[in-house]
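In: sequence plus predicted model, see below.
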Amino acid sequence: MLQLRKITKVYKTKQKTKVQALTDINYEFKEKGFYAILGKSGSGKTTLLNIIAGLDKPTSGEVIFEGQAFSSFKGKDFDAYRNTCVGFVFQEFNLLENLNVYKNVSLALELQGRKATEAEIIEVLRKVGIEDLIYRNIYELSGGQKQRVAIARALIKKPRIIIADEPTGSLDQEIAVEIFEILKELSKEYLVILVTHNEEYAETYAEQILHLAEGRQKEEVSLEEIEEENRVELEYKKSLSIFASLKMGFTNLRINVVRLVICIILSTISFSCFGFCITVSSYSEREIALNSIVVDDYIDPNVIANWDVGENGRNSLPITKEKLQKINNDLQKNYKGISQVYAKSCFLKSVFEHNNDQLSLINPCGGLEVNEEYLTKLGFSLYGNFPQVEDEIIITEYYYHTFTRLGYKEDSIEIPQEKITKDILLGKPIYLSGFKSENPKKFKICGIIDTGFDVKQYDALYRYDVNSKTYAHDFNLVQQYKNASYHSLVYLKEGALKACFEHYDETNGYTYIIDEMPKNKEKVAEIYDYLNDISSLNNRYVFCTQLIPNINDLIVKLKLYQFVSGILGGIASIFSVCLLYSLLSFTIENKKKEMGVLRALGAKARTIFVMFSSEGIYVNFVSLILAYLGSSLIVLYFNHFLKYQNGIRVEIYHFNVVQYLILLGVAIAVTILAIAVPVIKVVRKSPAEAIRMEIK
Ligand code: ADP
Ligand code: MG
């Protein structure tokens, strides 16, 4: 049934020397019977056995199994051969210590994709005389019992050949005899090939002996000529399903929980860090601006400024009448121009004087010429009257509230803040100067309109402490409101600007233009994109929302974060590869022998791959899920930090589907990179080498 023709095996050692382990071995094994390969240690017995078992390949020569040459076998043919035709019994038993007797035996069938029934297992255990130990753990067995389990494991597959490498080498004599008896009994049904250095046993039990000395056989054997048959495909039994392999891998995990947990934690941290980094490196200035406009139910009206953003900061450029006309035409809007005016301090108390920024709070951002129809259209409610003459103005609730806190003082009229009412303010004078800062002109308050200003925000100003940044966020909010809203304008009769301010010149254009903000993001985007189109580097048309005055500073920061996070993300991913790699190499280093044994039992390389990479897969899978959470949290926190720091209301960064997918992709890549290398390194070794590795 099995012929060895001129088998020669030369090992190359790491030091590049050659070891001639076998020289020209010719031999023939029949269907059944007890064969012994006898020789001293180092004579090449194991080498020959490994070649017969298809665990290793000869350097030259040929093995013919049932008329088929091994040289015509492919890798998977060897898997199938080992899986179905060969039952292996090792000197070191090589049972899987973390499985019990039942599982160890049934594994041999599972590797063929079959489930063993309890009856089948009991039957083989009975053959080797240990059916009562069926649910014992391996470490609870004696050496002799372990070897019986190993024989049972070989038998359950109903193989053609049982190969035993010094199966009694680790056993007492008495026990050894029992094992030999069992093998002898089996040789009535199977071809049993046994390796031993014990001449006595060989002589007693074997029917045929192949004597080996220094890799050569003692007796001449003439081989029967056999016709080489056409190659027939070996029957493939199904292999262990991927699911079952993963499950087995999972069983292995329990061994080292602490290491696993540490690994998951570190992995989660580095994935989270990576997720955060890819989020930070992908921001959109447009999205930030648009979101900042539409946030909070479109409170901000649509104020547009024209800026020259140069190295010396921001200079306001006037928007000419022609430009205003064109914008209104192109956008089908009804923008109106605002001209900057300054108020002479008209407050009794001056709490903000120590800080320029804050002083500007009590200055109007500009004067807007309106008529009754326009104000009605905006839906503001008016207390008092519409300006009848050119030196009458309407102030807003915003100013009314300022007076109620700071009192009123003008033309030697002083009203303390607690006495301020709307009625008292009506008719009182206020001095304004035009944007060319000429002598202030006297105006008379004729009405107070409610522009819907949120007075609660205003309170924040009073809590503001210049020495701490505690209320910076609130402060910014109010200040930006003021710069970009109907709240902080004074309203004049049409034509009043020209009539009251000598130097007012319509051709100079307006400081700002204002209209209601559209109610949906697409419409806002339309205007935003339009403004971008008509802007040039030194002539930028921008929305004055609460964010926009800060956006240039913000973008500089965001670019820096992007750069730093790029580097950090790179480090994080390299770190996680290294981490997983070392975890897996460690696992694999410990499991090399187990892998070899499984391969000897006929497990396909793929099965081994899945089984031993599963640790890494689980670690990464769990870490990935945790990292989604982790990244989202870091992004959330960072957004919060940026909002606070920059006084903005919108989320800058979004950990979205795209980032999820990138993170997933990276996790998969990391897993493959870190797992594939060590596992493939082992799988590619011949199983014989893998088994030997640990025995040493
Ligand atoms: P036995 O099983 O009879 O003790 P082996 O078949 O294990 O002998 O080894 C035969 C010879 O081949 C020995 O000299 C051994 O040192 C050598 N040998 C075995 N495996 C290797 C290997 N992987 N690389 C180099 N030499 C090896
Ligand atoms: Mg040996």
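Out: Okay, I see it. Numbers count the residues shown, from 1 in each chain. Ligands and ions are numbered 1, 2, ... in the order given.

In: only C-alpha atoms from now on, for both contacts and neighbour counts.
Out: OK.

In: wait, what's in contact with the closest residue to residue 390 other than its chain neighbours?
Out: Spatial nearest neighbour of residue 390, excluding adjacent residues (Cα to Cα, 6 or more residues apart in numbering): residue 496 at 4.8 Å. Shown in contact with residue 496 (Cα atoms under 8 Å, 6 or more residues apart in numbering): 369, 390-391.

In: and residue 496, how far is that from residue 601?
Out: Distance from residue 496 to residue 601, counting by Cα to Cα, to the nearest Å: 99 Å.

In: what parts of the protein come near ligand 1?
Out: Residues of the chain lying close to ligand 1 by Cα under 6 Å from any ligand atom are 11-13, 19, 21, 41-47.

In: how about those residues in CSV, adding pLDDT?
Out: Output for these, formatted as CSV (pLDDT from 0 to 100):
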residue, pLDDT
11, 91
12, 87
13, 83
19, 90
21, 92
41, 89
42, 89
43, 92
44, 92
45, 92
46, 90
47, 92
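
In: taking the stretch 201-350 of the chain, what residue is nearest to ligand 1?
Out: Nearest residue of the stretch 201-350 of the chain to ligand 1 (Cα to the nearest ligand atom) works out as residue 215 at 7.1 Å.

In: what backbone torsions are found at the nearest residue to that residue once chain neighbours are set aside?
Out: Leaving aside its sequence neighbours, residue 215 sits nearest to residue 22 (Cα to Cα, 6+ apart; 4.0 Å). For residue 22, the backbone dihedrals (degrees, to the nearest 10) come out as phi -140, psi 140.

In: which ones are touching residue 22?
Out: 7-10, 44, 47-48, 214-216.

In: what stretches of the stretch 451-600 of the chain score poorly on pLDDT?
Out: 455-484, 503, 505-507, 545-552 (pLDDT under 70).

In: helices along that one, start to end?
Out: 455-463, 472-483, 496-500, 521-534, 548-600 (DSSP state H, counting those that start in this stretch).

In: also the stretch 51-200 of the chain?
Out: Going by DSSP H, counting those that start in this stretch, the stretch 51-200 of the chain shows helices at 75-84, 101-110, 118-127, 143-155, 173-186, 199-205.

In: correct me if wrong: the residue of the stretch 201-350 of the chain closest to ligand 1 contacts residue 46.
Out: No. Contact status for residue 215 versus residue 46: not in contact, 10.6 Å apart, counting by Cα atoms under 8 Å.

In: which residue of the protein lies farthest from its centroid?
Out: residue 412 (69.4 Å; Cα atoms, centre = their mean).

In: which residue sits closest to residue 499, ignoring its sequence neighbours?
Out: The shortest distance from residue 499 to any non-neighbouring residue, by Cα to Cα, 6+ apart, is to residue 390 (7.1 Å).

In: sorry, slip of the keys, the one I care about is residue 78.
Out: Going by Cα to Cα, 6+ apart, residue 78 has residue 54 as its nearest residue, at 6.0 Å.

In: ligand 1: which of the contacts of residue 496 is nearest?
Out: For those, the residue nearest ligand 1 by Cα to the nearest ligand atom is residue 369; the value is 96.4 Å.

In: and for that closest one, the neighbour number?
Out: Residues near residue 369, counting by other Cα atoms under 10 Å, number 19.

In: and for residue 578, the neighbour number?
Out: 15.

In: just checking, it touches residue 674?
Out: Yes. Residue 578 is within contact range of residue 674, at 7.2 Å (criterion: Cα under 8 Å).

In: go ahead and confirm residue 664 touches residue 624.
Out: Yes. Using Cα under 8 Å, residue 664 is in contact with residue 624, at 7.2 Å.

In: who has more neighbours, these two?
Out: residue 624 (27 against 19).

In: residue 215 and residue 46: which is more packed in?
Out: Using other Cα under 10 Å, the more surrounded residue of residue 215 and residue 46 is residue 215, with 23 against 20.

In: residues in contact with that one?
Out: 20-23, 43-45.

In: need the phi and psi values for it.
Out: phi 80, psi 0.

In: of all residues in the chain, which one is nearest the centre?
Out: Closest-to-mean residue, the chain, Cα atoms, centre = their mean: residue 663 / 3.2 Å.

In: how close does that one get to ligand 1?
Out: 42 Å (Cα to the nearest ligand atom, to the nearest Å).

In: likewise residue 133?
Out: For residue 133, the distance to ligand 1 equals 31 Å [Cα to the nearest ligand atom].

In: who's in contact with the closest residue to that residue other than its chain neighbours?
Out: Among residues not flanking residue 133 along the chain, residue 101 sits closest, at 7.2 Å (Cα to Cα, 6+ apart). Residue 101 makes contact with 133-138, 149, according to Cα under 8 Å, 6+ apart.

In: please repeat the previous calculation with a cut-off of 10 Å.
Out: By Cα atoms under 10 Å, 6 or more residues apart in numbering, the residues touching residue 101 are 95, 107, 121, 125, 130-131, 133-138, 141, 145-146, 149-150, 152-153.

In: just the buried ones from these?
Out: Listed as buried from the contacts of residue 101 are 95, 107, 121, 125, 130-131, 133-134, 137-138, 145-146, 149-150, 152-153; burial here means 16 or more other Cα atoms under 10 Å.

In: common neighbours of residue 578 and residue 674, please.
Out: Common neighbours of residue 578 and residue 674 (Cα under 10 Å, 6+ apart) are residue 584.

In: so what's the gap between stretch 443-453 and the chain middle?
Out: Distance of stretch 443-453 from the chain centroid (Cα atoms, centre = their mean, to the nearest Å) equals 55 Å.

In: actually, stretch 107-115.
Out: Per Cα atoms, centre = their mean, the centroid offset for stretch 107-115 relative to its chain is 36 Å.

In: repeat that for stretch 54-63.
Out: Remark: stretch 54-63 is offset 46 Å from the chain centroid, using Cα atoms, centre = their mean.

In: tell me the buried residues in it?
Out: 54-58, 60-63.

In: pLDDT of it, averaged?
Out: Averaged over stretch 54-63, pLDDT sits at 90.

In: stretch 290-299 now?
Out: Stretch 290-299 comes out at a mean pLDDT of 65.

In: what does stretch 263-277 give?
Out: Mean predicted confidence for stretch 263-277 is 87.

In: count residues in the vicinity of residue 223, would you?
Out: So residue 223, with other Cα under 10 Å, has 12 neighbours.

In: before we move on, what SS does it have?
Out: Recorded secondary structure, residue 223: coil (DSSP: H, G, I helix; E, B strand; the rest coil).

In: could I get the pLDDT score of it?
Out: 70.

In: contacts only, for it.
Out: Here residue 223 is in contact with 3-5, 26-28 (criterion: Cα under 10 Å, 6+ apart).

In: can you redo those as CSV with pLDDT, secondary structure and neighbour count?
Out: Below are the contacts of residue 223 laid out as CSV (pLDDT from 0 to 100; DSSP: H, G, I helix; E, B strand; the rest coil; neighbours: other Cα atoms under 10 Å):
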residue, pLDDT, secondary structure, neighbour count
3, 91, strand, 22
4, 92, strand, 21
5, 91, strand, 17
26, 92, strand, 22
27, 92, strand, 20
28, 91, strand, 16
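
In: columns distance to residue 629 on top of these, output as TSV?
Out: Listed next are the contacts of residue 223 as TSV, based on distance: Cα to Cα, whole Å:
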residue	distance to residue 629
3	62
4	61
5	63
26	65
27	65
28	65
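
In: what's the most distant pair in the residues you listed?
Out: Spatially, the most separated pair among the contacts of residue 223 is 5 and 28, at 8.7 Å (Cα to Cα).

In: so what sits against both of these two?
Out: Counting by Cα under 10 Å, 6+ apart, the common neighbours of residue 5 and residue 28 are 63-64, 223.

In: just the closest of those to residue 176, please.
Out: Taking the shared contacts of residue 5 and residue 28 together and measuring to residue 176 by Cα to Cα, the closest member is residue 63, at 30.2 Å.
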